[in-house]
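Q: below are the sequence and a predicted model for it; my questions follow.
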Amino acid sequence: MKKLTNNKYTRCAITAILLTAITACDGDNGDDGLQGTAGVIGNNGIDGINGVSGANGLNGTDGLNGTDTLSGLTTNIIARAVLNIESPEGAAEIIQYQSSTGYIFSINSSGANATVEILDFPSTVASALTPDAEGVINTSNLSIINTINLSENTTGDANSIAISNDLSLLAVAIAADNVADNGQIALYDISEPTPIFIKNIEVGVLPDMVTFSPDNRKIIVANEGEPSGDYTIDPEGTVSIIDIINTTVADTAISINFNAYNSLQSELEQQGAVFPNPSGRTINGVAINTTVSMDLEPEYVAVSKDSSIAYVSLQENNALAVIDLTSNTLVDVLGLGFKNWSQYVIDASDRDGGINLQQYENLFGMYQPDTIATMTWQNANFIVTANEGDSREYFFDVENEAACTAANGLDFDDDDGCLSYTDEIRAEDLTLDPTQFASINNDDNDIGRLQVTTVLGDENTDGSYEELYTYGARSFSIFDENGTLVFDSGDDIVRITSAIHGQAFNNDEDENEGDSRSDAKGAEPEALAIGEIDGRTIAFIGLERMSGILAYDITNPFNVSFLQYFYNRGLTENAEITGDLGPEGMVFVPAINNTAARLIVGNEISGSVTVWEVTAN
């Protein structure tokens, strides 16, 4: 039989069998292929239709009404008196106001015995005051209604007074005659026309300032504790606190010292505190070893509005102390740092021919406030300072120059005696670093006459000063409760006074000679008072040498504005001094009913008490 074959069909069958076998069992997966390039991005789609607006929310509550700013102040003298006309200097230094009677109390230290004069302000007639040809008021319309002879109950010299209107109490700070002895606070009942002595309360050495807390629960005293003329006795500076419980004043004071800081001088110096003293020398046969607590000298006290904190100026040390009045404890000492005069203008010489305002690199100012006050903003405490400045200079009595040299004194003066210590020197008597001071002439026409301290500026102690530090800041400042500067008036004082007075600027308080204080603290801001006018907080700054008063709106301490400058003194060159000279103490009396606000000023050199009426423009 013949076998039939068909190659075509045979190949197709084999192929079909192989394909069936291959698809029936999985093989190994192959490697992934390379990723392809991305495609082109597509166009944005068309925006959708806006949705329907939601319903309006509820109106918020209205904010508090702001207070209108002031454009200026109007000031007029309405009352004036000169105490001890024959010898007025020191007759009207520190003053107080009794609101229940309208009486003005003034310390009079110009006589043999210190007194407190009580002036009858309600009976004054403003029209009785008449100006002279220069527009200066020298006449008086205030009369003395009573006098407290302090020596009848307390020995020593009176430095300060304070009144509690709620308790009808007068406190007088009286220093002992002996430099090492504690002073007294003499307390008087002033509820009746004739003050009645209550008692003396012993405090620290040299009580220089006294005040009541706003809640009338404490009397606080700054005890300066200055050294003897030869520095062989140097009492510790302290703060005394006298408690008042249920209107009864304690018989003894609590003393707060600075002993805890004796080992912390370098830390305080890093903050800007200063310690000028002759420690390490032997004077009059005694080796001097000055501690921090001996060197710190409390000058002035300001108490917070809620009576919880007392701030104490340590003027010569360029620092503030902070005291917790709820526990009567010292909680801090704050160095205030330094003002950089390269940012402002200053006239540094009294022999440069008049107004010569310059900027100086590497020149700094120590704030060194005298009077301080407190204010609040946004429930925080702020401290306002009048940056007067002060050096240290002490003399003691010796027979002659040879005796001064034998006692290791620094210099002898026929009038003052033997100089034991001073940190004050003129810049021209120092060697200045030629690189740091390349642009200045260290002579009378430039910076040479400026009074500076010897204890700062020679950082590497090679005898050449890289920086200069002068006394005071010729300004007023505002610090927060942490000691941080939030405002300084810069060079306002010299700009304003030179613009108003011309060549009579930087005058002294006991002569009429322009430019005479340019080398030494300028117009010298010392007195300070704070009050409220038309809902605004106003600071008044008294210029001790120039004898004028500046007013600033400090309602917001971060947005301060100048308001007014006013004065009552003659300025005719080389003429007799007239008017009110050397404002030392000031008290603000707020407006009440139809009576305008008043600023009462005690003028140390003229011995006058002046009442200014102050109204808002």
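A: Arrived safely.

Q: partners of Ala386 in the sheet?
A: Phe476 (DSSP bridges).

Q: surely it is in contact with Gly542?
A: Yes - Ala386 lies in contact with Gly542 (CB atoms under 8 Å); the separation is 7.5 Å. (Glycine included, C-beta is placed from N, CA and C.)

Q: which neighbours do those two share?
A: Shared contacts of Ala386 and Gly542 (CB atoms under 8 Å, 6 or more residues apart in numbering): Pro525, Glu526, Ala527, Leu528.

Q: for Ser606, state which of those residues is nearest.
A: Nearest to Ser606 among the shared contacts of Ala386 and Gly542 is Ala527, at 13.7 Å by CB to CB.

Q: part of a strand, is that closest one?
A: Yes - per DSSP: H, G, I helix; E, B strand; the rest coil, Ala527 lies within a strand segment.

Q: how many neighbours does it have?
A: 26 (other CB atoms under 10 Å).

Q: likewise Asp397?
A: 11.

Q: beta partners for the spatially closest residue to it that is not a sequence neighbour?
A: Spatial nearest neighbour of Asp397, excluding adjacent residues (CB to CB, 6 or more residues apart in numbering): Gly417 at 4.9 Å. As for beta bridges, Gly417 partners with Asp413 under DSSP bridges.

Q: which stretches of the stretch 1-150 of the chain form strands?
A: Remark: strands assigned in the stretch 1-150 of the chain by DSSP state E, counting those that start in this stretch are 73-82, 95-98, 103-108, 115-119, 144-149.

Q: how about the first one as PDB, C-alpha atoms only?
A: So that's strand 73-82. Provided in PDB are the C-alpha atoms of strand 73-82 (Å, rounded to 0.1, in the frame of the first residue of the first chain):
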ATOM      1  CA  LEU A  73       1.500 122.600  77.200                       C
ATOM      2  CA  THR A  74       0.800 126.100  78.500                       C
ATOM      3  CA  THR A  75       2.700 127.000  81.700                       C
ATOM      4  CA  ASN A  76       2.300 130.000  84.000                       C
ATOM      5  CA  ILE A  77       3.700 130.900  87.400                       C
ATOM      6  CA  ILE A  78       0.900 131.400  89.900                       C
ATOM      7  CA  ALA A  79       2.700 131.300  93.200                       C
ATOM      8  CA  ARG A  80       6.300 131.900  94.500                       C
ATOM      9  CA  ALA A  81       8.300 132.500  97.600                       C
ATOM     10  CA  VAL A  82      11.900 133.000  98.500                       C
END
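
Q: name every strand pairing with that strand and say which way it goes.
A: strand 608-616 (antiparallel).

Q: which residues are contacting the partner strand?
A: 70, 72-83, 88, 92, 95, 104, 106, 119, 121, 124, 142, 533-534, 536, 538, 549, 551, 566, 568, 580-581, 596-603.

Q: what mean pLDDT does that strand have?
A: Average pLDDT, strand 608-616: 98.

Q: so which bits of that strand are buried?
A: By neighbour count with 16 or more other CB atoms under 10 Å, strand 608-616 contains the buried residues Ser608, Val609, Thr610, Val611, Trp612, Glu613, Val614, Ala616.

Q: skipping adjacent residues, who's closest to the fifth one in space?
A: By that I understand Trp612. Per CB to CB, 6+ apart, closest to Trp612 is Leu599, 4.4 Å.

Q: so the one you found makes contact with Pro583?
A: No - in this structure, Leu599 is not within contact of Pro583 by CB under 8 Å, at 10.0 Å.

Q: more crowded one of the two?
A: More crowded of Leu599 and Pro583, by other CB under 10 Å: Pro583, with 33 against 24.

Q: give me the pLDDT for the residue lying closest to that one once chain neighbours are set aside.
A: Nearest residue to Pro583, sequence neighbours excluded (CB to CB, 6+ apart): Gly542, at 3.3 Å. For Gly542, the model assigns a pLDDT of 98.

Q: give me the element Gly542 is part of.
A: strand 536-543 (DSSP states H and E).

Q: direction included, what does whichever helix or strand comes after that strand pair against?
A: Downstream of strand 536-543, the next assigned helix or strand under DSSP H and E is strand 548-553. Taking DSSP bridges as the criterion, strand 548-553 forms sheet pairs with strand 536-543 (antiparallel), strand 561-567 (antiparallel).

Q: buried set for stretch 556-569?
A: By 16+ other CB under 10 Å, the buried positions in stretch 556-569 come out as Pro557, Val560, Leu563, Gln564, Tyr565, Phe566, Tyr567, Asn568, Arg569.

Q: and of those, the nearest to Glu226?
A: Comparing every one of the buried residues of stretch 556-569 with Glu226 (CB to CB), the shortest separation belongs to Arg569, at 30.2 Å.

Q: helices along the stretch 151-300 of the chain, start to end?
A: With helices called from DSSP state H, counting those that start in this stretch, the stretch 151-300 of the chain shows them at 265-271, 292-295.

Q: state the mean pLDDT of the next helix or strand after the last one.
A: Of the helices and strands lying after helix 292-295 in sequence (DSSP H and E), the nearest is strand 300-303. Averaged over strand 300-303, pLDDT sits at 98.

Q: and if you look at stretch 400-418?
A: On average, stretch 400-418 scores 98.

Q: make sure Phe212 is actually in contact with Ser168.
A: No - look at Phe212 against Ser168 with CB under 8 Å: they stay out of range, at 11.6 Å.

Q: who's more crowded, these two?
A: Between Phe212 and Ser168, Phe212 has the larger neighbour count (other CB under 10 Å), namely 22 against 17.

Q: give the contact list for Ser439.
A: Ser439 touches Glu361, counting by CB under 8 Å, 6+ apart.

Q: which strand residues bridge Ala244?
A: One correction, residue 244 is Ile, not Ala. Val249.

Q: what count of nearby residues applies to it?
A: Around Ile244 there are 18 residues (other CB under 10 Å).

Q: one more: the one 5 residues further on?
A: For Val249, the count of nearby residues is 19 (other CB under 10 Å).

Q: what separation do you get for it and Gln96?
A: 17 Å (CB to CB, to the nearest Å).

Q: likewise Ala373?
A: 15 Å.

Q: swap in Trp377?
A: 27 Å.

Q: equivalent analysis for Ser313, please.
A: 19 Å.

Q: could you do Leu432 as well?
A: 47 Å.

Q: what's the answer for Thr578, then?
A: Taking CB to CB, one finds Thr578 at 26 Å from Gln96.

Q: next: Met375.
A: From Met375 to Gln96 the distance is 20 Å (CB to CB).

Q: hang on, the earlier thing: what touches both of Leu599 and Pro583?
A: Taking CB under 8 Å, 6+ apart as the criterion, Leu599 and Pro583 both touch Ile549.

Q: looking at Met375 and Gln96, which is more packed in?
A: Gln96 (24 against 20).

Q: wait, the more buried one touches Ser164, no?
A: No - when contacts are counted by CB under 8 Å, Gln96 is not listed as touching Ser164 (9.9 Å).

Q: common neighbours of those two, please.
A: With CB under 8 Å, 6+ apart, Gln96 and Ser164 have no common neighbours.

Q: tell me the span between the first and last residue of stretch 291-306.
A: Stretch 291-306 has an end-to-end distance of 33 Å (CA to CA, to the nearest Å).

Q: same check, this time on stretch 402-416
A: End-to-end distance (CA to CA), stretch 402-416: 15 Å.

Q: and that stretch, which residues are buried?
A: Buried-residue list, stretch 402-416, by 16+ other CB under 10 Å: Cys404, Ala407, Asn408, Gly409, Leu410, Phe412.

Q: please apply the same query to stretch 373-392.
A: 373-375, 377, 381-392.

Q: now swap in stretch 435-447 and tell me
A: Gln436, Phe437, Ile440, Asn442, Asp444, Asp446, Ile447.

Q: the third one against Ser349, yeah?
A: What that stands for is Ile440. No - if you go by CB under 8 Å, Ile440 and Ser349 don't touch, sitting 11.3 Å apart.

Q: now do the shared contacts for the two.
A: If you check Ile440 and Ser349 against CB under 8 Å, 6+ apart, the residues they both contact are Asp446, Ile447.
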